[in-house]
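> Sequence and predicted structure below; questions after.
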Amino acid sequence: MRNKIIPYNPELRALARQLRKNSTLPEILLWQNIKNRTLGFQFHRQVPMLNYIVDFYCHEIGLAIEIDGRSHDHSFLYDAKRQHELEKYGVRFLRISNEEIMKNMFSVLLVIEEKIKEIQTPL
């Protein structure tokens, strides 16, 4: 496995810590289902990368999970730019809506498991 660490702005550590302490309900619910290697890989919450913070990240496979919804006051263009910059470092993204998490966690977990299998399968 890769386990590649992406460089980050050290000034983001305090903000990441604050975001972990003040998680949204969808973030809490997803975290309860993916922490402690539940899916076979260790995910971390609110991970600083470059000049950004991603909701969840697995260093082992380079997968970032972003929860999209009202809690994100960033524009679509900002998210696209951020994702593009991080993809240059080999980060793969999975975007999940607040609504999906709140209404159908089972399907969300299946999507995450499928993405993990896709990443693990060599081309």
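Happy to help now that I have it. Numbers count the residues shown, from 1 in each chain.
> which parts of the longest helix along the chain are buried?
Ordering each helix of the chain by length in residues (DSSP state H) puts helix 105-120 first. If you call a residue buried by 16 or more other CB atoms under 10 Å, then helix 105-120 has these buried ones: 108-109, 112, 115-116, 119. In short, each C-beta sits where N, CA and C put it, glycine included.
> State the distance from R82 to D55.
12 Å (CB to CB, to the nearest Å).
> more neighbours, the two?
Using other CB atoms under 10 Å, the more surrounded residue of R82 and D55 is D55, with 25 against 20.
> correct me, but the more buried one touches E66?
Yes. If you go by CB atoms under 8 Å, D55 and E66 touch, sitting 5.2 Å apart.
> Next, show the common contact partners of those two.
The contact sets of D55 and E66 do not overlap (CB atoms under 8 Å, 6 or more residues apart in numbering).
> For the lowest-mean-pLDDT helix or strand in the chain, report the contacting residues that lie outside it.
Ranked by mean pLDDT, DSSP states H and E, the weakest helix or strand in the chain is helix 76-87, scoring a mean of 90. By CB under 8 Å, 6+ apart, the list of residues contacting helix 76-87 from outside reads 6, 49-50, 52, 54, 64, 66, 68, 72, 74, 93.
> Single out whichever of these has the smallest pLDDT.
Within the contacts of helix 76-87, pLDDT reaches its minimum at H72, with 47.
> can you give me the helices in this structure?
Under DSSP H, the chain gives helices at 12-21, 25-34, 76-87, 98-103, 105-120.
> what packs against the first one?
In terms of contacts (3 or more CB pairs under 8 Å, 6 or more residues apart in numbering; DSSP states H and E), helix 12-21 is packed against strand 44-49, strand 52-58.
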